[in-house]
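>>> pasting the sequence and the predicted coordinates here, then a few questions.
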Amino acid sequence: MEVTCWKDSQEWPARGSEEDRALLSHVLEDRLCSSLKGRDVLAWSPSPKEKFSVAQCSTILDRNLYGLAKVHWWKKIWNNFSWPKYNFFLWLLAQKKCLTWENLRKRGFQGPSICFLCAHNEECISHLFFLCPFSREIWHRWWEVWSHGCVHATSLIDFWDSLGRPPAKNSFLQVAWMVGPIFILWNLWLERNRKIFCDSELDSL
Ligand SMILES: [Zn+2]
């Protein structure tokens, strides 16, 4: 099944990997129905209005993945403050499904398993996004902006657990507190990909 999602005229995931599409198709296949006066259409069946919503999709994903287990961090991932492609990326990251060298090797790929951001350590999710010296410097600067002590997380769940409430009452700053880390994580991933596929130099800090 081909899955194409749209938000504000932007297609998502426009460049999702085959694995991403397969995962999304699997989750969605029972949630789409087809019936409209004899004409086949795709509709979001859980909603009476047949209209897709991120909140409802997150509930279904939650049930699919965790049964009745109570998780708190999904609300931070499936929020309405950022683009769906970022939310989906975070969701993959929380599941440790990002295709780092560690995960590729588990699937039989042959590769160097080198972190392309520091060229010193093996590349796994913990290292790439949280422990790599390059990433740590970015996080250090993020916490400095907020005059907040640096949080040393080793996973996304750790990070969310440590993030706590926004240190400001201003609503713009509250959104920035939520969305900033998402952009940092996403751009670390882009920088890693640029380094591998475009052989780009690291942006100077
Ligand atoms: Zn590194």
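Nice, I can see it.

>>> could you point out the longest helix of the protein?
Across the chain, the helix with the greatest residue count (assigned by DSSP state H) is helix 171-193.

>>> list the buried residues for it?
Neighbour counts over helix 171-193 (16 or more other CB atoms under 10 Å) mark 176-177, 181-182, 184-186, 188-189, 191-192 as buried. All C-beta atoms are positioned from the backbone trio N, CA, C, and that covers glycine.

>>> just give me the closest of those to the ion.
The ion has its nearest neighbour among the buried residues of helix 171-193 in Arg192, at 9.0 Å by CB to the ion.

>>> got the contact list for the closest one?
With contacts defined as CB atoms under 8 Å, 6 or more residues apart in numbering, the neighbours of Arg192 are 115-117, 123, 128.

>>> how close does it get to Gln110?
Separation of Arg192 from Gln110 (CB to CB, to the nearest Å): 19 Å.

>>> likewise Ile182?
Distance from Ile182 to Gln110, by CB to CB: 32 Å.

>>> tell me the residues of the protein that contact the ion?
115, 117-118, 121, 132 (CB under 5 Å from the ion).

>>> kindly recompute the last result at 6 Å.
Within the chain, the positions lying close to the ion (CB under 6 Å from the ion) are 115, 117-118, 121, 127, 132.

>>> could you dump the residues you listed to TSV with pLDDT?
Converted to TSV, those look like this (pLDDT from 0 to 100):
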residue	pLDDT
Cys115	92
Leu117	91
Cys118	91
Asn121	89
His127	93
Cys132	94
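
>>> separate out the buried members of these.
115, 117-118, 127, 132.

>>> nearest to Lys97, of these?
His127 (16.1 Å; CB to CB).

>>> could you pull out the strands for this protein?
Using DSSP state E, the strands assigned to the chain run over residues 5-7, 10-12, 32-33, 43-44.

>>> quick check: mean pLDDT across the first one?
Across strand 5-7, pLDDT averages out at 54.

>>> likewise the second one?
Averaging pLDDT along strand 10-12 yields 55.

>>> low pLDDT regions in this structure?
1-50, 56-76, 79-82, 199-205 (pLDDT under 70).

>>> so which of the residues of the chain next to the ion comes closest to Asn170?
Of all the residues of the chain next to the ion, Asn170 sits closest to Cys132, with 31.8 Å by CB to CB.

>>> pop out the phi and psi values for that closest one.
The phi and psi values for Cys132, taken as degrees, to the nearest 10, are phi -60, psi 140.

>>> which of the buried residues of helix 171-193 sits closest to Ile77?
Ile182 (8.6 Å).

>>> the closest one contacts Leu90, doesn't it?
Yes - assessed by CB atoms under 8 Å, Ile182 is found in contact with Leu90 at 6.2 Å.

>>> which residues sit in contact with Thr100?
123-125, 128.

>>> which of those ranks first by neighbour count?
When neighbours are counted by other CB atoms under 10 Å, Leu128 leads the contacts of Thr100 with 27 neighbours.
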